[in-house]
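> sequence first, predicted coordinates after that:
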Amino acid sequence: MYWLNIIDEYSRKYLASIPRRKWSYKNVIEILSGLFVANGSPAGFRSDNGSEFTAVQLMDWLKVVGVSTAFIEPGRPCENGFCESFNSKMRDEFFLGCSIRV
């Protein structure tokens, strides 16, 4: 299971957390378009280098809606520290809550 967590870097507002078995650029566009309608388009979008974020179709769509992109360097999660910290805490809490007692 892979989680798409979206957090506003400026306000630190948690915008979305959605699990899926597989993410594609189409899924990402669907989620982002809903968030952009509800909250307005951001000036920029930062993500890791997953194929769902580096797809040409997603990059073209972001360009059309006027959102610049930035990617964290592979192996450098500190470049996106707040979101990575959130992801780590979420993983810890999720797996803690799902522990199986024998």
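Nice, I can see it.
> contacts and neighbour counts: CA atoms only from here.
OK.
> next one: phi and psi at D8?
D8 adopts backbone torsions of phi -80, psi 120, taken as degrees, to the nearest 10.
> same question, K13
The phi/psi pair for K13 (degrees, to the nearest 10) is phi -80, psi 130.
> quick check: it touching I7?
Yes. Counting by Cα atoms under 8 Å, K13 touches I7, with 5.7 Å between them.
> those two - which one has more neighbours?
I7 (17 against 10; other Cα atoms under 10 Å).
> who does the more buried one bridge with?
Y14 (DSSP bridges).
> correct me if wrong: it contacts L35.
No. Shown here, I7 and L35 do not form a contact pair, counting by Cα under 8 Å, at 10.9 Å.
> which neighbours do the two have in common?
Taking Cα atoms under 8 Å, 6 or more residues apart in numbering as the criterion, I7 and L35 both touch L15.
> how many other residues sit next to N5?
By other Cα under 10 Å, the burial measure for N5, its neighbour count, is 16.
> oh, that last question was meant for R12, not what I typed.
11.
> can you pull the buried residues of the helix or strand encompassing M59?
Per DSSP states H and E, M59 falls inside helix 56-64. Buried residues in helix 56-64, counted by 16 or more other Cα atoms under 10 Å: 58-59, 62.
> outside of it, which residues touch it?
Contacts of helix 56-64 (Cα under 8 Å, 6+ apart): 25-26, 28-29, 52-53, 68-69.
> ok, 7 Å please
25, 29, 68 (Cα atoms under 7 Å, 6 or more residues apart in numbering).
> tell me the buried residues within these.
25, 29.
> what is the nearest of the contacts of helix 56-64 to S88?
Y25 (23.4 Å; Cα to Cα).
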